[in-house]
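K.L.:
just the structure for this:
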Amino acid sequence: MSPLVISLLALPVYDYAYDYDFWDYRNMKNAYLINGIRTPVGKFRGSLAGVRADDMAALVIKKLLERNPGVNPGEIEGVILGCANQAVEDNRNVARMAGLFAGLPVDVPGETVNRLCASGMSAVVTASGAIQTGNGDLFIAGGVDNMTRAPMVISKSDKSCGGNCRGFC
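P.N.:
Sure thing, here's the model as predicted:
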């Protein structure tokens, strides 16, 4: 199972010397990683096998907010989570569901990013970019997966749309 890391805000942003005519990078806001929490690393079919990815992410979001009591959950601009294996219960917007399960207000949106092994990092980069460009000030970003709860191999189908595929663990 992949470890879950959820960050409040995003990574520090360094000045890049891009030559944009339409944007002066020196006017960009800085984004900072304020706090980070992670779950223990589990093993395949281990002690975390019964925990859904959205429940695991919700727990970490709750703990993150407990560690930062000065953060008003209503001021969070969004929850952005990377999830490489959107299968079984993760096939919907796992970031949105984690935010709701964590008790965030219903008007805090969730966005799930799938870039396979780079999903969590891509989520943090997305939040950082939103802060830099003035499209938000406070995000929860990170990654979540529980590979035990996902099919590991799917047989090759001889019919369109996978009509006779079987999953194997």
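
K.L.:
over to the residue positioned nearest the centre of the chain: give its phi and psi.
P.N.:
Taking Cα atoms, centre = their mean, the centroid of the chain lies closest to L81, which sits 1.2 Å from it. Main-chain dihedrals, L81, degrees, to the nearest 10: phi -120, psi 140.

K.L.:
what residue, apart from its backbone neighbours, is nearest it spatially?
P.N.:
With sequence-adjacent residues excluded and distances taken as Cβ to Cβ, 6 or more residues apart in numbering, L81 is closest to A95, at 3.9 Å. The way it works is simple: take the backbone N, C-alpha and C, and place the C-beta from them, glycine included.

K.L.:
need the three-state assignment for that neighbour.
P.N.:
Secondary structure state of A95, per DSSP: H, G, I helix; E, B strand; the rest coil, is helix.

K.L.:
residue numbering should commence at 63 henceforth.
P.N.:
Right, with 63 as the first residue, what we last looked at is A157.

K.L.:
ok, it touching I138?
P.N.:
No: at 11.7 Å, A157 does not count as touching I138 under the criterion of Cβ atoms under 8 Å.

K.L.:
so for the two, which sits in the more crowded spot?
P.N.:
For A157 versus I138, neighbours defined as other Cβ atoms under 10 Å are more numerous around A157 (27 against 23).

K.L.:
need the contact list for that one.
P.N.:
119, 141-143, 145, 172-174, 185 (Cβ atoms under 8 Å, 6 or more residues apart in numbering).

K.L.:
now with 6 Å?
P.N.:
Each residue near A157 by Cβ atoms under 6 Å, 6 or more residues apart in numbering is listed here: 141, 143, 172-174.
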